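J.: Would you be able to build a 3D model of this:
(chains A and B)
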There are 2 protein chains.
Amino acid sequence: MTSVTSEQGTSTARRTTGGRPADGRQRVIDAAVAQFAEYGVEGTSLQMIADAMGVTKAAVYYHFKTKDEIVVAVVTPVLDQLLAILREAEAQRGQAARTRAFLTAFTRLVIGHRQLLTLLYDDVAVLRILHEHWPHFDEFERRVPLVLVGPDADAGRLVAAAVALTGIVAAAASPQFTHLGDAELEEHLLDAGLRLVGARRRR
Amino acid sequence: MTSVTSEQGTSTARRTTGGRPADGRQRVIDAAVAQFAEYGVEGTSLQMIADAMGVTKAAVYYHFKTKDEIVVAVVTPVLDQLLAILREAEAQRGQAARTRAFLTAFTRLVIGHRQLLTLLYDDVAVLRILHEHWPHFDEFERRVPLVLVGPDADAGRLVAAAVALTGIVAAAASPQFTHLGDAELEEHLLDAGLRLVGARRRR
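T.: From the prediction side, this is the model:
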């Protein structure tokens, strides 16, 4: 957890100190994810999370003041990794290397969080919450196309990059491919992404 | 309106008879779309729609018994077109012709309903409602990959087809490209889709 969570100071402190409070915090997160899976983020309340845990709403409230805070706690670690991937790709020399580095690590991250993605994908509440609470959202949206197709890309390449990124996430979240193993799906998604942005796969 | 709406018999009859009741029905739909744009489908109630129209909830209820029925009325005409596109592409001779026919018409349809798409995309409620009320949903999901990459396609081509379809819809709905005109965005999306499924553009 880095600067991203600095806005939730006390919660972060609780998590990183370990011990009982952190355990309680994680138990709320786990219970929330289970409720999200069943009722969606929009359809889940703090009361429902408390009921599922067999505790009072005040016990949940001790760790999180709002449902939005829980969503941020669930998703922020993944977004932090995404930001690290972006920065590492940006540090590569040459556009071809930046493209390949970002797309490879992006696809791996997506597959690595396939279950969470399936759960939260399509939930407009999550997007709204991240827009409001993840301070890097706009910066990220602006920098990803640059690292993927370079600063001089025309509209066609930018559209292709957007199709690649959104398509990879959507296809990874699709129930259509649950029968494919992680490694196989990752390989096919990466191939599709590289083909879209006109890059060769390095084997 | 074909068999798709036969399940909402009375509403369909009202719509097709024209005159006052049909106008009232369309006014509810228009007011609902405006509320959806502001509060999302999940966050909109029949009461809110009635309030926005300056009528009683009973007046809305005369046309639609549930919010789900309104969503179906908004989206069904587009889905009917999608089904027609699918059938026309399936009737083409040769896989290359089927691929090109479907992808071209699909992209044109997506761009033609760009505003509606931006509004409803990401709203998980819409997907749930369509799953429940649009009788062709499963059939459609099964047949689209077939028309796009053929019955003998391996997992890699099926994944590429899924990236193309979901990526085209997501990129068309993205605020990133609102500055691009419809014709230009359609061309870039089609190029990306054809590249993904390994088809050549016929110019």
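
J.: Would you mind measuring from residue A:25 to chain B?
T.: From residue A:25 across to chain B, the span is 27 Å (Cβ to the nearest Cβ, to the nearest Å). To be clear about C-beta, it is placed using only N, CA and C from the backbone, and glycine gets the same treatment.

J.: hang on, that residue packs against residue A:63?
T.: Yes. Judged on Cβ atoms under 8 Å, residue A:25 makes contact with residue A:63 at a distance of 4.6 Å.

J.: Compare the two (neighbour count), which wins?
T.: residue A:63 (21 against 18; other Cβ atoms under 10 Å in any protein chain shown).

J.: Neighbours of whatever residue of chain A ends up closest to chain B, how many?
T.: For chain A, the residue closest to chain B is residue A:167, as judged by Cβ to the nearest Cβ, at 2.8 Å. Neighbour count of residue A:167, defined by other Cβ under 10 Å: 30.

J.: Touching, it and residue B:166? I think so.
T.: Yes. Using Cβ under 8 Å, residue A:167 is in contact with residue B:166, at 5.1 Å.

J.: that older thread, same for the helix or strand where the residue of chain A closest to chain B lies, what does it pack against?
T.: Element membership of residue A:167, judged by DSSP states H and E, is helix A:155-173. Counting contacts by 3 or more Cβ pairs under 8 Å, 6 or more residues apart in numbering or on different chains; DSSP states H and E, helix A:155-173 packs against helix A:95-112, helix A:114-120, helix A:137-149, helix A:182-196, helix B:155-173, helix B:182-196.

J.: Can you see whether the shortest one contacts chain B, counting any residue in it?
T.: Think helix A:114-120. No. On the criterion Cβ under 8 Å from any Cβ of the partner chain, helix A:114-120 is out of touch with chain B, staying 9.7 Å away.

J.: can you check the third one too?
T.: Yes. Judged by Cβ under 8 Å from any Cβ, helix A:137-149 and chain B are in contact via A:141, A:145.

J.: what does the fourth one give?
T.: Yes. Using Cβ under 8 Å from any Cβ, helix A:182-196 comes into contact with chain B via A:184, A:185, A:187, A:188, A:189, A:191, A:192, A:193, A:195, A:196.

J.: Using JSON lines, lay out those together with pLDDT and neighbour count.
T.: As requested, the residues of helix A:182-196 next to chain B are arranged in JSON lines below (pLDDT from 0 to 100; neighbours: other Cβ atoms under 10 Å in any protein chain shown):
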{"residue": "A:184", "pLDDT": "97", "neighbour count": "15"}
{"residue": "A:185", "pLDDT": "96", "neighbour count": "24"}
{"residue": "A:187", "pLDDT": "97", "neighbour count": "18"}
{"residue": "A:188", "pLDDT": "96", "neighbour count": "23"}
{"residue": "A:189", "pLDDT": "96", "neighbour count": "29"}
{"residue": "A:191", "pLDDT": "95", "neighbour count": "17"}
{"residue": "A:192", "pLDDT": "95", "neighbour count": "28"}
{"residue": "A:193", "pLDDT": "95", "neighbour count": "30"}
{"residue": "A:195", "pLDDT": "93", "neighbour count": "20"}
{"residue": "A:196", "pLDDT": "92", "neighbour count": "30"}
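
J.: and the residue of chain A most remote from its centre, backbone torsions?
T.: Relative to the centre of chain A, and counting by Cα atoms, centre = their mean, the farthest-placed residue is residue A:56 at 29.7 Å. Phi and psi for residue A:56, reported as degrees, to the nearest 10, are phi -80, psi 160.

J.: got a pLDDT number for it?
T.: Residue A:56 carries a pLDDT value of 94.

J.: Model confidence for the spatially closest residue to it that is not a sequence neighbour, exactly?
T.: In this structure, residue A:56 finds its nearest non-sequential neighbour in residue A:50, 6.0 Å apart by Cβ to Cβ, 6 or more residues apart in numbering or on different chains. Per-residue pLDDT puts residue A:50 at 96.

J.: burial count for residue A:50?
T.: 18.

J.: And residue A:166, by the same measure?
T.: Neighbour tally, residue A:166, other Cβ under 10 Å: 21.

J.: ok, it to residue B:83 distance?
T.: Distance, residue A:166 to residue B:83, by Cβ to Cβ, to the nearest Å: 24 Å.
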